[in-house]
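Undergrad: Sequence and predicted structure below; questions after.
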Amino acid sequence: MRWVLTAVYSKRVRTVFLCWLLAALPLFAQKKADQLYEVSATKYMLGTQIDLKAMHPDILGCKKAFYDAYQEIARIEALLSSHIASSEVTKINKMAGVKPVKVSYETFAIISRSVQYSKKFKGIFDASIGPVTTLWGFSDDKKDITLPKRSVLEADLKLVDYRRVALSKADTTVFLERKGMRLDLGGIAKGYAIDRAAYILKNKGIQHFLINAGGDIYACGYKYGEKKWLVGIQHPRRQADLLATFEVHDMAVATSGDYERYKIIDGKRYHHIIDPRTGFPATLDQSVTVFANSAEEADAWATYLFIIGYENEQKSALKPELGTVFVDASGNVEYDHSLEDAFNLRFVGDKNHAIQ
């Protein structure tokens, strides 16, 4: 009898334990689903390092989403790069002054927006800057950068005119009206590619991620709980140091600087951001950071503002919506003080003096 009672008791205990375990399984599953892992990847594309970082419960699923995002960036590069022989932009450039070229709606749309930015910024941002950027060669890793001959530069500069980019929406054709004209979408294409990568990640269920493409950033969601993504602005003269930090989510930030692609010639710095008015690299700033709702918008604004400089931006009625940080040619910092509250902008060191 004692054995029987023990057996019954043991059976009851096992039954109670099993019931408890079955009841607890949803809690274990929930705990596992709530466990976020930091997943990251790095790839060199678009002429720069592109870092992806996400907080996600499924590491393998996140990595697959990263792969798809990188594939999307590669697709955009193959479509829009003037350095890829098979791209639609290259085909347009080859037919400059000859005939219109039919392109995909996507290419047509981004060229149309590039021309709209050119109009908005009165040619200081110009999608047809290609002849001059090609002459300088900062985007060509194989070219030894030298000062161009003045006569050649002046001739190429005459070909820069966004008003000569003829767009036909009816058949999505693009025609560069003068022979020798050349589109260069470098001031907008990287931002567009980031926005597309962000779309892919969101579509794959990644809710919390950060994309950093050589200073062009898109942040989505949060790093932990309600803690925003912490991002830094690179010091334009000390590569290993930060100028400032800030916190963002669900928005984009772009920085244009004279420190990524440049060469010192006879003691003077020449870089890849060309002023369409002169044909020479812009000289008023070391870097400009712009906060915006999309990476494409931030990219275009950063290029434009870097060329015109802080003082001209202050005199203009044309200003970006969310704010800017300027480092002028002397290393002095000027910024929108609203950024301190909006994005917890904090400077490393003394922002009130030259930072060289």
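TA: Okay, I see it.
Undergrad: Report the next helix or strand after the lowest-mean-pLDDT helix or strand in the chain in sequence order.
TA: Of all helical and strand segments in the chain, the minimum by mean pLDDT, DSSP states H and E falls on helix 2-34, at a mean of 47. Moving toward the C-terminus from helix 2-34, the next helix or strand (DSSP states H and E) is strand 37-45.
Undergrad: now that next one: how far from the chain's centre is it?
TA: Taking C-alpha atoms, centre = their mean, to the nearest Å, one finds strand 37-45 lying 15 Å from the centre of the chain it belongs to.
Undergrad: So which other helices or strands are in contact with that strand?
TA: Counting contacts by 3 or more C-beta pairs under 8 Å, 6 or more residues apart in numbering; DSSP states H and E, strand 37-45 packs against strand 48-56, helix 59-80. C-beta coordinates here come from the backbone N, C-alpha and C atoms, glycine included.
Undergrad: Quick check: buried residues in stretch 36-48?
TA: Neighbour-count burial for stretch 36-48 flags Leu36, Val39, Lys43, Met45, Leu46, Gly47 (criterion: 16 or more other C-beta atoms under 10 Å).
Undergrad: min pLDDT across those, which one?
TA: Scanning the buried residues of stretch 36-48 for pLDDT, the smallest score is found at Gly47, 87.
Undergrad: re earlier: which one of the helices and strands packed on strand 37-45 has the most crowded surroundings?
TA: Ranked by mean neighbour count, the helices and strands packed on strand 37-45 are led by strand 48-56 with a mean of 20 (mean count of other C-beta atoms under 10 Å).
Undergrad: strands paired with that strand, and their directions?
TA: Looking at strand 48-56 with DSSP bridges, its partner strands are strand 37-45 (antiparallel), strand 209-213 (antiparallel).
Undergrad: Mind putting these into TSV with distance to Lys64?
TA: Formatted as TSV, these follow (distance: least, C-beta to C-beta, whole Å):
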stretch	distance to Lys64
strand 37-45	11
strand 209-213	14
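Undergrad: right, and the ones you listed - which one's nearest Ile145?
TA: Across the strands paired with strand 48-56, Ile145 has its closest neighbour in strand 37-45 (20.3 Å, C-beta to C-beta).
Undergrad: what's next to the closest one, contact-wise?
TA: 49-57, 59, 62-63, 66, 70, 73-74, 77, 213 (C-beta atoms under 8 Å, 6 or more residues apart in numbering).
Undergrad: need the contact list for Ala329.
TA: Thr283, Leu284, Asp285, Gln286.
Undergrad: swap the cut-off to 10 Å and go again
TA: The neighbours of Ala329, taking C-beta atoms under 10 Å, 6 or more residues apart in numbering as the test, are Asp258, Arg269, Ala282, Thr283, Leu284, Asp285, Gln286, Gly309, Gln356.
Undergrad: which residues does the third one contact?
TA: To tie it back to what came earlier, the one meant is Ala282. Residues near Ala282 by C-beta under 10 Å, 6+ apart: 124, 256, 258, 271, 273-276, 288, 303, 305-309, 329.
Undergrad: Pop out the phi and psi values for it.
TA: phi -60, psi 150 (degrees, to the nearest 10).
Undergrad: Please enumerate the helices of this structure.
TA: Listed in chain order, the helices of the chain (DSSP state H) span 2-34, 59-80, 88-94, 105-120, 130-136, 150-157, 189-203, 295-315, 338-342.
Undergrad: Please tell me how far Leu60 sits from Glu154.
TA: As judged by C-beta to C-beta, to the nearest Å, Leu60 and Glu154 stand 57 Å apart.
Undergrad: same question but for Tyr117, I mixed them up
TA: As defined by C-beta to C-beta, Tyr117 lies at a distance of 25 Å from Glu154.
Undergrad: Same check on Gly186?
TA: From Gly186 across to Glu154, the span is 22 Å (C-beta to C-beta).
Undergrad: which one of these two has more residues nearby?
TA: Legend: neighbour count by other C-beta atoms under 10 Å for Gly186 and Glu154, higher for Gly186 (24 against 11).
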